[in-house]
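> Structure for the following, please:
(one chain, ligands or ions: 1)
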Amino acid sequence: MVLCLHFVPSLHVEKREVGVREWIGGAKLLGAMSLFDRGLDVAHAVMAHGQRQPRIVEVGRVTDKGRKFAQRGGVIAPGVIEHGLVVAFLSGHNVFDREGYGMIHGGLQRGTLRRMRIRLISTDFDGTLHAETEDPPVPEDLQVLLADLQAAGASWVINTGRDLSGLLEAVGRARLRVRPDFVVVVERAIYQRQGSAYVAVEPWNGQCERMHLELFQRITPDLPALKAWVQARFRALIYEDNFSPFCVIATSNGEMDAIQEHLAEYCRSVPGLDVMRNDVYSRFNHADFNKGTALREVARILGVKAEETVAAGDHWNDLPMLSWSLAHGLIAPANAIEPVKAAVQRQGGYVSGQPWGHGVARGLERLLG
Ligand SMILES: [Mg+2]
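Below you'll find the model as predicted:
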């Protein structure tokens, strides 16, 4: 039986924190025979880590004496071969994502990220790219990856619920070495970088504003009753801002679940109305404008296809852009909420064992091969 697998025969061995024996059961999952049956033919692939260029270099036969590979005569200890196959299996199923295997996350995913040509990367900001408590808030290696991708011609968009000034302040405080080519703010308005300025993208933003104005005028008579309903039951804060006439900050996610349910029911009675949630925050918005439709517009402007697009997010408001129809490279960090992880896994994306920007960096590395 020939197994055509990429594996790293030696680089991970010294750090084998997962005992190979522990994973022998995995051989069944491989659909293969016991790895050390006589006469097992193995395609021996070596991944050149430096170049990230996996390639098959040898094909040999493992026998009970079998420490030799036929074609090159190299001697490889059986344990190394065994371990390499296990690594290949785990790697191919997205089970771990860093050397040392300290971050193995359980369960096999149905899909894995495939190497792709990346021309557009859409990242949520808070909790995906940026972690306020970290120093630096955006990991250095992620910044390097984004800079490399931009240098290779890719565009990067920060797709956030923050408003423009709030985002740019945070970007400034984080002392980023890279600047996004586009920003999507309040989950709907698009700005494109021109030199050191971010310029409104038209006619998108104008149309977005007009449609929200019209929608919000229609629902104004209903708002007092909605407010009273919430206040009679919860301690949530209700307010109006420049972007929505009805915004809620709940005191817990459980409270927001209940409020969300009520608001969603109301939305079903108003064509075009939707409620956008991020953690314990929510606000009304027009259903035609969200992180997904904004990403579609940026991709249209750039002439980029879903096959060339990556999207990474961690919360409810990221779900519209975490869609195979928009991005074939989908990434969720370890801190993403379960519905986001489930959506990403369901579509063959990558859920990292690492949080925030670290997880995004691991996902991009996988896509880059
Ligand atoms: Mg977020």
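> In this protein, which residue sits closest to the ion?
Going by CB to the ion, the ion is nearest to residue 127 of the chain, at 3.6 Å. Backbone N, C-alpha and C define where each C-beta goes, glycine included.
> Where do the strands of the stretch 201-350 of the chain begin and end?
Using DSSP state E, counting those that start in this stretch, the strands found in the stretch 201-350 of the chain span residues 237-239, 247-249, 273-278, 281-286, 309-312, 329-332, 350-351.
> Partner strands of the shortest one, with direction?
Taking DSSP bridges as the criterion, strand 350-351 forms sheet pairs with strand 329-332 (parallel).
> Count the neighbours of residue 279 for me.
By other CB atoms under 10 Å, 17 other residues sit near residue 279.
> Tell me how many other residues crowd the nearest residue to it once chain neighbours are set aside.
Closest residue in space to residue 279, ignoring its immediate chain neighbours: residue 315 at 6.0 Å, by CB to CB, 6 or more residues apart in numbering. By other CB under 10 Å, 21 other residues sit near residue 315.
> Next: the one 10 residues further on.
Using other CB under 10 Å, the number of residues around residue 325 comes to 9.
> what's the nearest residue to it if we skip its chain neighbours?
Residue 325 sits nearest to residue 306 (CB to CB, 6+ apart), 6.2 Å away.
> Contact partners for that neighbour?
Residue 306 is in contact with 299, 324-328, counting by CB atoms under 8 Å, 6 or more residues apart in numbering.
> Can you turn the buried part of those residues into a ChimeraX selection?
The ChimeraX command for the buried members of the contacts of residue 306 (criterion: 16 or more other CB atoms under 10 Å) is given here:
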select :299,324,326,327,328
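> Tabulate the contacts of residue 306 in TSV, adding columns for distance to residue 292 and pLDDT.
Converted to TSV, the contacts of residue 306 look like this (distance: CB to CB, whole Å; pLDDT from 0 to 100):
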residue	distance to residue 292	pLDDT
299	11	98
324	11	95
325	8	96
326	6	97
327	9	97
328	14	95
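> Of the contacts of residue 306, which pair is most distant in space?
Spanning the widest gap among these are 299 and 324, at 13.5 Å by CB to CB.
> so where do the helices sit in the stretch 51-200 of the chain?
78-92, 140-151, 164-173 (DSSP state H, counting those that start in this stretch).
> List the contacts of the nearest residue to residue 278 once chain neighbours are set aside.
Nearest non-adjacent residue to residue 278, counting by CB to CB, 6+ apart: residue 317, 4.4 Å away. When contacts are counted by CB under 8 Å, 6+ apart, residue 317 is found next to 124, 161, 187, 276-278, 290-291.
> what does the protein put close to the ion?
124, 126-127, 314-315 (CB under 5 Å from the ion).
> and with 8 Å instead?
Neighbours of the ion within the chain, by CB under 8 Å from the ion: 124-128, 160-161, 278-279, 313-315, 317-318.
> Among those residues, find me the one that's closest to residue 365.
For the residues of the chain next to the ion, the nearest to residue 365 is residue 128 (15.9 Å; CB to CB).
> OK, contacts around that closest one?
So residue 128 contacts 312-314, 318, 333, 336, 356-357, 360 (CB under 8 Å, 6+ apart).
> And the pLDDT for it?
With respect to pLDDT, residue 128 scores 98.
> nearest residue to it other than its sequence neighbours?
In this structure, residue 128 finds its nearest non-sequential neighbour in residue 314, 4.7 Å apart by CB to CB, 6+ apart.
> what about residue 244, how many neighbours?
A count of neighbours around residue 244, defined by other CB under 10 Å, yields 18.
> Tell me if I'm right that it and residue 219 touch.
No. Residue 244 is not in contact with residue 219 according to CB atoms under 8 Å; the separation is 10.2 Å.
> between the two, what contacts are shared?
residue 284.
> still on that earlier bit, so which of the strands of the stretch 201-350 of the chain gets nearest residue 200?
Counting by CB to CB, and looking across all of these, nearest comes strand 281-286 at 17.3 Å.
> which other helices and strands contact that closest one?
helix 204-219, strand 247-249, helix 253-267, strand 273-278 (3 or more CB pairs under 8 Å, 6 or more residues apart in numbering; DSSP states H and E).
> in that strand, what counts as buried?
Those would be 281-286, for strand 281-286 by 16+ other CB under 10 Å.
> low-confidence ranges in the protein?
1-114 (pLDDT under 70).
> Tell me how it divides into domains.
Under the assignment automatic domain parsing, the domains of the chain span 2-92, 120-187+290-368, 206-286.
> Would you tell me which of those domains gets closest to residue 197?
That would be domain 120-187+290-368 among the domains of the chain, by CB to CB, at 10.5 Å.
> That closest one: end-to-end distance?
Between the start and the finish of domain 120-187+290-368 there is a gap of 13 Å, counting by CA to CA, to the nearest Å.
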